[in-house]
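In: below is the sequence, then the predicted model.
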Amino acid sequence: MVTRVVSLVPSLTEAVAATAPELLVGVTDWCTHPAELTAARIGGTKNPDVAAVAALRPDLVVANEEENRPSDLAALREAGAEVLVTEVRTLPQAFAELERVLVTGCGLARPRWLDEAEAAWAALPPAPALRPAVVPVWRRPWMVLGRDTFAGDLLARLGVRNVYAGHAERYPRVPLAELNASGAELVVLPDEPYRFTATDGPEAFPALPAALVDGRHLTWYGPSLAEAARGLRAALRR
């Protein structure tokens, strides 16, 4: 029986907290939702304090293959922890992995919010003709969404084609001049991991309309998915 969970992923922290908050005994410094989290902080997603995690005696550690380093996960296993590693690169995969964490991993009943999130995305009207876009996630240096990303899959469902979806890298560094010459008709600017704003980002793409979107809606897989479908669609239509 799972009664003590450490989460190394902000999205999964929110998912467990929304379903059975009493299970969480440890979370990362980057776990910001919900705001009332009281679990012990055990470091970052890329540098968790393995000894601190082990001292919490978790029945389960939940992680992600993109957000967490294999070396840290191996160290946790060597310390005796059971580690469940998720892979989330598409919306259907997100729903499946959330059920695996909560139902299979934690032994919980499937939460209502997960059904509501699936229903919200299923209710979206068919996407219009895909509009080519660049999607920066960092500047200094400029980095954008590349191939095989969860955020890219969400955008495609909302009528946005990531110009760099065929790139060999998942988050390539691309010079600004190349981004502006990419043939994009739109630049999508989330507020995380880099906090793009109306005065920090759009000015670098003077010929393109800019869509400022909620980074949590675009990149988190958890309870926010229920509102993300509507929120992202509205932001992209402005």
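Out: Looks like it came in fine.

In: next, the residue of the chain most remote from its centre: phi, psi?
Out: Largest separation from the mean C-alpha position in the chain: A207, at 28.9 Å (C-alpha atoms, centre = their mean). Per-residue torsions, A207: phi -90, psi 0 (degrees, to the nearest 10).

In: ok, it - contacts?
Out: Contacts for A207 (C-beta atoms under 8 Å, 6 or more residues apart in numbering) come out as N180. C-beta coordinates here come from the backbone N, C-alpha and C atoms, glycine included.

In: kindly report the same for V137.
Out: Residues near V137 by C-beta under 8 Å, 6+ apart: 143-145, 171, 190, 193-194.

In: okay, the longest helix belonging to the chain in PDB with CA atoms only?
Out: For the chain, the longest helix by residue count, based on DSSP state H, is helix 225-237. The C-alpha coordinates for helix 225-237 follow below in PDB (Å, rounded to 0.1, in the frame of the first residue of the first chain):
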ATOM      1  CA  LEU A 225      -5.300  20.200 -18.600                       C
ATOM      2  CA  ALA A 226      -9.000  20.700 -17.900                       C
ATOM      3  CA  GLU A 227      -8.700  24.500 -18.400                       C
ATOM      4  CA  ALA A 228      -5.800  24.400 -20.800                       C
ATOM      5  CA  ALA A 229      -7.900  23.500 -23.900                       C
ATOM      6  CA  ARG A 230     -10.000  26.600 -23.500                       C
ATOM      7  CA  GLY A 231      -7.300  28.900 -22.300                       C
ATOM      8  CA  LEU A 232      -4.800  28.100 -25.000                       C
ATOM      9  CA  ARG A 233      -7.400  28.200 -27.700                       C
ATOM     10  CA  ALA A 234      -8.500  31.700 -26.600                       C
ATOM     11  CA  ALA A 235      -4.900  33.000 -26.400                       C
ATOM     12  CA  LEU A 236      -4.000  31.700 -29.800                       C
ATOM     13  CA  ARG A 237      -7.100  33.300 -31.400                       C
END
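
In: which residues touch it?
Out: 91, 94, 113, 116-117, 120-121, 123-124, 154-155, 158-160, 188, 211-214, 216-218, 220.

In: against L76, how distant is the residue farthest from the centre of the chain?
Out: Using C-beta to C-beta, to the nearest Å, A207 is found at 48 Å from L76.

In: again with T104
Out: Distance of T104 to L76, computed by C-beta to C-beta: 19 Å.

In: for the chain, which spans come out with low pLDDT?
Out: The model of the chain has pLDDT under 70 over residues 238.

In: where do the helices sit along it?
Out: In the chain, the segments counted as helices under DSSP H are 10-19, 50-55, 70-78, 91-99, 112-122, 150-157, 176-180, 215-219, 225-237.

In: could you pull out the buried residues of the fourth one?
Out: What that stands for is helix 91-99. Within helix 91-99, the residues that count as buried by 16 or more other C-beta atoms under 10 Å are 91, 94-95, 97-99.

In: and the nearest residue to V103 once chain neighbours are set aside, what is it in contact with?
Out: Distances taken as C-beta to C-beta, 6 or more residues apart in numbering put R110 closest to V103, at 5.5 Å, once the chain neighbours are dropped. Applying C-beta under 8 Å, 6+ apart to R110 gives the contacts 99, 102-103.

In: list just the nearest of those to A63.
Out: The closest of these to A63 turns out to be L102 (C-beta to C-beta; 14.7 Å).

In: could you measure from the closest residue to V85 other than its chain neighbours over to E185?
Out: Distance criterion C-beta to C-beta, 6+ apart; nearest residue to V85, sequence neighbours excluded, is A63 at 4.9 Å. Applying C-beta to C-beta, the value for A63 to E185 is 37 Å.

In: which of those two has more neighbours?
Out: The neighbour comparison of A63 against E185 (other C-beta atoms under 10 Å) goes to A63, with 24 against 15.
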